[in-house]
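Student: 3D, please:
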Amino acid sequence: MKNITIFLSCALILAASFGCTKKNARPADLPEDMSPCSITITQDGTPVVGATVALEYETPVKYQTSGTTDAKGVAIMMTYGHAGAQQGTAKVLVSKLVTEGASEAEDYGESGEMGQDFETIDLKYKAVDTTDLTITIGKDNVAESFEVGAPVRIPAN
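Tutor: Numbering: from 1, shown residues only. Down below sits the predicted model:
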């Protein structure tokens, strides 16, 4: 009985030690020269809520930088789950997908009529080749604002 108790105690300590590892630990190869960065997105002067904002750097980077706009249209840029953006020049990609017409039954996991997805920001801002939004991130805190034109309603594929 004593051996079983010792074995179970060791197993419990071992299992607990695996659960104590730091989640989302900073990778060793994540650049140290990251800067705080926020990007505000507006449409016809109104803050866009829930838009995805991503940076596509001119030079290759290992980790993607992105954020989601809040009620004020501000996205705090994050790189691999850590606040900040890598220094350099990047294209700014913006998109927002909404679903219209979803039935209440779907909210509870029941079958129902599927809703239709629509892009609400001009598709030119979603692609590296067509966006005209750029940002340069230096050593200091960066806060930029971008206007993405009038709202659109483009069916998503």
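Student: okay, now the unreliable bits of the chain?
Tutor: By pLDDT under 70, the weakly predicted segments of the chain are 1-24, 26, 102-113.
Student: where do the helices sit along the protein?
Tutor: In the chain, the helices defined using DSSP state H lie at 2-19, 104-107.
Student: distance of the spatially most central residue of the chain relative to Pro155?
Tutor: Relative to the mean C-alpha position of the chain, the nearest C-alpha, by Cα atoms, centre = their mean, is the one of Gly67, at 3.6 Å. Using Cβ to Cβ, to the nearest Å, Gly67 is found at 26 Å from Pro155. All C-beta spots, glycine's among them, are computed from the backbone N, C-alpha and C.
Student: with adjacent residues omitted, what lies nearest to Lys72?
Tutor: In this structure, Lys72 finds its nearest non-sequential neighbour in Pro47, 5.2 Å apart by Cβ to Cβ, 6 or more residues apart in numbering.
Student: how about the one you found, what does it touch?
Tutor: 40-41, 69, 71-74 (Cβ atoms under 8 Å, 6 or more residues apart in numbering).
Student: the residue nearest to the centre of the chain and Met78 touch, don't they?
Tutor: Yes - taking contacts as Cβ atoms under 8 Å, Gly67 lies within contact range of Met78: 5.7 Å.
Student: ok, what's across the strand from the spatially closest residue to the residue nearest to the centre of the chain that is not a sequence neighbour?
Tutor: Closest residue in space to Gly67, ignoring its immediate chain neighbours: Ala75 at 3.4 Å, by Cβ to Cβ, 6+ apart. Here Ala75 sits in beta bridges with Ile39, going by DSSP bridges.
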